[in-house]
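K.L.:
this one's sequence-less:
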């Protein structure tokens, strides 16, 4: 393996059979990210600045060849190893000994799936203040050591005011089954009220009161996957604002008002079912609580409210709505079935099952060579 072969590997990554030995800014940044060469001294921002320097390439050009790549590596080495006479040799050695593009690490997969927004938000080299102190130079979390707060005098790594401070790793023997005990950190939801309180306090800090605003009420239904075609996110917002639940001027609800809201939600979700309230309360109690660790929840959290709203199939209307089932899963060909106007086809006929967009020139080609 040589420096040039690494350069060519990253140039051709994702470029197909016609990939040329030229590297754009995205692949240049990918090289340093995938080979874990970024740290506090040498950040992703430094990589972007180096690539755009006129010492590397003319300003109008968007890609670099191997010789220009070597100039860029030289500039990167001077930033990463300041004052070291062998800085270029060191950095080239690390690049040559790297794993190449397309790393199979979990962080790389999350980055690829979630896009550049997630990539930037999870780049620990850009963190500042107390967040910066919670990660080492390689981006690995320091754990308890990173949470210790000498100023507060706690030194135990727990957030100030956390009522269960010191409980991490300890066993709650009352949660066991047939002699098997479980950690207190994994035991959730013994009652409806405890679920209510856990969502009320989520992100509220030490002053969190047992009152729930609209955002957390909506979060409860979203995190516990209780939304479907019958009970949508819009329904949840409307229920929260009803005068049957709380006075119009109030912005938060207590537990009793929460139960009233649950009753209205249950009637909407299970129309005509005498046990609707019991059913919905059961689902809430058996849920995972706020801050779900599922991959989809992590992506939603990292990508922000815009992505969350745009991918919420319960809010889709018209023909888009018909392409997804109640769980949000796409119906595939069945969801595209329609009697396209002007095609001379009878709705529901064999010809109409093609589900091609009207005017598509290659209609009938699917599956054919």
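P.N.:
Arrived safely. Being a predicted model, the structure only gives us computed values, none of them experimental.

K.L.:
where exactly do the strands run in the stretch 1-150 of the chain?
P.N.:
Using DSSP state E, counting those that start in this stretch, the strands of the stretch 1-150 of the chain run over residues 23-24, 63-64.

K.L.:
residues in contact with the first one?
P.N.:
Which is strand 23-24. Strand 23-24 has contacts (CB atoms under 8 Å, 6 or more residues apart in numbering) with 7, 10-11, 31, 62-64, 69. C-beta here means a position set from N, CA and C on the backbone, and glycine is covered the same way.

K.L.:
run the last query once more with 7 Å
P.N.:
Surrounding strand 23-24, the residues in contact under the criterion CB atoms under 7 Å, 6 or more residues apart in numbering are 7, 10-11, 62-64, 69.

K.L.:
Going through those residues, which ones are buried?
P.N.:
The neighbour-count criterion (16 or more other CB atoms under 10 Å) marks 7, 10-11, 63-64, 69 among these as buried.

K.L.:
which stretch among the strands of the stretch 1-150 of the chain comes nearest residue 82?
P.N.:
Using CB to CB as the measure, strand 63-64 is the one of the strands of the stretch 1-150 of the chain that comes nearest residue 82, at 23.5 Å.

K.L.:
Provide the count of other residues in contact range of residue 260.
P.N.:
Here the number of neighbours of residue 260 (other CB atoms under 10 Å) works out to 15.

K.L.:
helix/strand/coil for it?
P.N.:
Under DSSP: H, G, I helix; E, B strand; the rest coil, the three-state class of residue 260 is helix.

K.L.:
Quick check: what element follows the one helix or strand in the chain whose mean pLDDT sits lowest along the chain?
P.N.:
Every helix and strand in the chain was compared by mean pLDDT, DSSP states H and E; the lowest is strand 180-183, with a mean of 41. Scanning the chain past strand 180-183 towards its C-terminal end, the next helix or strand to appear is helix 192-201 (assignment: DSSP states H and E).

K.L.:
Residues contacting that next one, please?
P.N.:
With CB under 7 Å, 6+ apart as the test, helix 192-201 has contacts from 189, 208-212, 216, 219-220, 255, 258, 281, 284-285, 287, 289-290.

K.L.:
in stretch 51-63, what counts as buried?
P.N.:
In terms of neighbour count (16+ other CB under 10 Å), stretch 51-63 has its buried residues at 51, 56-57, 63.
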